[in-house]
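Participant: Sequence unavailable; structure follows:
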């Protein structure tokens, strides 16, 4: 019996336009279907967010650079459509067991139940054999891995890393356990590594177009942000340009602005910001400014060479602004230790540059 108790709700993902576009491009890079039915079936929250933020499903696809007409599919299931889908399933090297088909394509599984007396009957109509269940605790050794790779090659199944991980996770895990790399396993099996490596969909033109689309959508353009939100694009940048700066320059974007290292500061704007900060009585030392206005601080070095030079250009003497450590004497240290002890705080560490050890 399942334990009773308050049921915790799954936290809601805070969608915005940028996250929706990133999710759609990730689906496209994974070669997942992009029509309404497929997106709604696999991620109903994404589908709802598309309508909420873009007004319609099609408009969200267009914002992600996807042609809705080309992706729209309305499958009308019959025996012929089921046979074709099963053959395609087998051609992709996916497992041909009832539960596996139901997990990967629930609509196909439902159609099989409606049009055929059994899953085996549908397989016979498609001329496809049912996969034998894998024996428990299969012992993978190097010879078995090489034989499995040779078998996939003989059946014309893809041998790139992604395809094997998707269709046979046990084999993929064994490859890295026994050979430590996919390429080493292919080499041992006498398979040309270059011939099986899936070609990258990214080229320089596509990377540039993706970066401009991110800029137009107000999304971050630093490598750190792109790697977090769009891993395939970050890989394309590394392969095609080497660095993020080189890629954004090719897209006609200032790398400093793109990576938010320097806002669109001018020299006059920097001087005005420093003087206004001084007039408000705010701390003007470099540490305080870099912490509270990092963009302003970085811009001073970009335009003036250093923060001190920017202060001097604004008519502010930097020397009196520097924070200096107060001179501690024995009495001050003892008072500080006692104050921390009264508050229940630890007294191990340093105060005023002196080592302090508590009881």
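Facilitator: Ah, there it is. None of the values given here were measured: they were computed from a predicted structure.

Participant: The stretch 101-250 of the chain: helices as residue ranges?
Facilitator: 106-115, 119-126, 142-154, 161-167, 169-178, 182-188, 193-196, 204-216, 223-229, 231-240, 244-250 (DSSP state H, counting those that start in this stretch).

Participant: which residues sit against the fourth one?
Facilitator: Read that as helix 161-167. Contact with helix 161-167 is made by 92-95, 152, 157-158, 171-172, 175, 182, 198, as judged by C-beta atoms under 8 Å, 6 or more residues apart in numbering. C-beta here means a position set from N, CA and C on the backbone, and glycine is covered the same way.

Participant: which of those residues count as buried?
Facilitator: 93-94, 152, 157-158, 171-172, 175, 182 (16 or more other C-beta atoms under 10 Å).

Participant: follow-up on the earlier one: could you dump the contacts of helix 161-167 into CSV with pLDDT and distance to residue 33 added?
Facilitator: As requested, the contacts of helix 161-167 are exported to CSV (pLDDT from 0 to 100; distance: C-beta to C-beta, whole Å):
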residue, pLDDT, distance to residue 33
92, 76, 13
93, 75, 18
94, 76, 15
95, 77, 19
152, 88, 25
157, 83, 21
158, 82, 19
171, 86, 26
172, 82, 24
175, 87, 29
182, 80, 27
198, 62, 19
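
Participant: before we move on, back to that, and the helices of the stretch 101-250 of the chain: which comes nearest residue 63?
Facilitator: helix 204-216 (8.2 Å; C-beta to C-beta).

Participant: For the closest one, the averaged confidence score.
Facilitator: Helix 204-216 shows a mean pLDDT of 86.

Participant: Can you tell me which of the contacts of helix 161-167 is nearest residue 299?
Facilitator: residue 198 (43.3 Å).

Participant: Okay, buried residues for stretch 284-292 please.
Facilitator: Those would be 284-286, 289, for stretch 284-292 by 16+ other C-beta under 10 Å.

Participant: ugh, typo on my part, it should be stretch 35-45
Facilitator: Neighbour-count burial for stretch 35-45 flags 35-36, 38-39, 43 (criterion: 16+ other C-beta under 10 Å).

Participant: could you dump those residues to a markdown table with distance to residue 106 and pLDDT?
Facilitator: A markdown table is the format used below for the buried residues of stretch 35-45 (distance: C-beta to C-beta, whole Å; pLDDT from 0 to 100):
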| residue | distance to residue 106 | pLDDT |
| --- | --- | --- |
| 35 | 15 | 77 |
| 36 | 16 | 76 |
| 38 | 11 | 75 |
| 39 | 14 | 81 |
| 43 | 14 | 82 |
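
Participant: Helices - which of those residues land there?
Facilitator: Counting by DSSP state H, the buried residues of stretch 35-45 place 36, 38-39 in helices.

Participant: want to throw these into a markdown table with distance to residue 110?
Facilitator: Shown next, in a markdown table, are these (distance: C-beta to C-beta, whole Å):
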| residue | distance to residue 110 |
| --- | --- |
| 36 | 18 |
| 38 | 14 |
| 39 | 18 |
